[in-house]
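>>> Sequence and predicted structure are below.
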Amino acid sequence: METPAGWYDDGSGRQRWWDGRQWTDHYAGPQQPSTPPVVPGSPAPSIAAPQMTAPQMAAPQMAVPGTAIPAMAAPAPGTKRVGVLGWIALGVTAVGAIVSWIPPIMLFGWILLGIGFVLSIVSLFLRGAKWPGIVGIALSIVAGIVSGIVLFTVFLGYASTHPDEFDGSAPAASDAATDPGTTTTDAADRPSAQEVADGFLVIMDAAGASGQYTDDEALCIGQHLVDSEVSTESLINVADGRDIQSDETERQLVVQTTMEAVTACKTAP
């Protein structure tokens, strides 16, 4: 049975004219297909009028009295973000507050308080809970004030137990006090210049140099020895008219100091 002439899909998705025996070179355009060619001996093809389909419009639903209107689903509330930086700032501030109240490590506590204060301020500009940052700022300020009170109290306690370091006065320094090996007790126990002078004259008499030094010259030499770096032990030996019993270095120091004193005192007017 032969297929009658007409527009058919040739397999490529386009409408092509079939003349009853074979495909022709006529294709249907994107619009309404044009009038098919008239083939001799075949009836003219009839073109069906295009059918227009009216768009389906949904009828509006009218609310009927006594019936409930379905409520629209409300959007789910978003989960509130936790202010992580605010909690970190609060923790750093709390640790800094505790450390700043301990005098030996108070400086480290002040550093933590400063870091916590800055982080607390920054956390207020980020999304999330604000109250940890606000508490951190308040805690850092209060902790700083309390830490200052603690420092002032410690300072007053130290000043009350060490008044000599804050009264602006100091004991008169002597040459003997500059000796690293001389302590305050040694300076108090050092013999006087007159005692050293008397011992010096005894030593000179024993050495066969009696009468070479006057009392004033001996006192001058004694004062030089007392004001020198000679140890208290060596001065006591000189004051007692005994030989130096210390080590060789100390002995050389006594001899050198005595020679310098003799030179200065013998030439003095």
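All right, it came through fine. Residues are numbered from 1 along each chain as shown.

>>> Need the contact partners of the helix or strand harbouring Val255.
Per DSSP states H and E: Val255 is located in helix 248-267. Helix 248-267 is contacted from outside by 200, 217, 220-221, 224-225, 228-231, 234, 238, 244, using CB atoms under 8 Å, 6 or more residues apart in numbering. (Glycine included, C-beta is placed from N, CA and C.)

>>> per-residue confidence averaged over that helix?
The average of the pLDDT scores along helix 248-267 is 80.

>>> Using CSV, list the CA coordinates for it.
Provided in CSV are the C-alpha atoms of helix 248-267 (Å, rounded to 0.1, in the frame of the first residue of the first chain):
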residue,chain,number,x,y,z
GLU,A,248,101.2,37.6,99.7
THR,A,249,98.9,39.8,97.6
GLU,A,250,97.5,41.5,100.7
ARG,A,251,101.0,42.0,102.1
GLN,A,252,102.1,43.6,98.9
LEU,A,253,99.1,45.9,99.0
VAL,A,254,99.9,47.0,102.6
VAL,A,255,103.6,47.7,101.7
GLN,A,256,102.7,49.6,98.6
THR,A,257,100.0,51.7,100.4
THR,A,258,102.4,52.4,103.3
MET,A,259,105.1,53.6,100.8
GLU,A,260,102.6,55.9,99.1
ALA,A,261,101.5,57.2,102.5
VAL,A,262,105.1,57.8,103.7
THR,A,263,105.8,59.8,100.5
ALA,A,264,102.7,61.9,100.8
CYS,A,265,103.1,62.5,104.6
LYS,A,266,106.8,63.2,104.6
THR,A,267,106.5,65.9,101.9
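
>>> Check which residues of it are buried.
Neighbour counts using 16 or more other CB atoms under 10 Å place 250, 253-254, 257-258, 261-262, 265 of helix 248-267 among the buried residues.

>>> before we move on, the earlier item: and the furthest pair within the contacts of helix 248-267?
Glu217 and Ser231 (23.6 Å; CB to CB).

>>> if we can go back for a sec, now that we have the contacts of helix 248-267, which one has the most neighbours?
Ile221 (28 neighbours; other CB atoms under 10 Å).

>>> Excluding chain neighbours, what is closest to that one?
Leaving aside its chain neighbours, Ile221 sits nearest to Ala261 (4.3 Å; criterion: CB to CB, 6 or more residues apart in numbering).

>>> Please look at Gly116 and Trp87 and confirm they touch.
No. Assessed by CB atoms under 8 Å, Gly116 is found out of contact with Trp87, at 11.3 Å.
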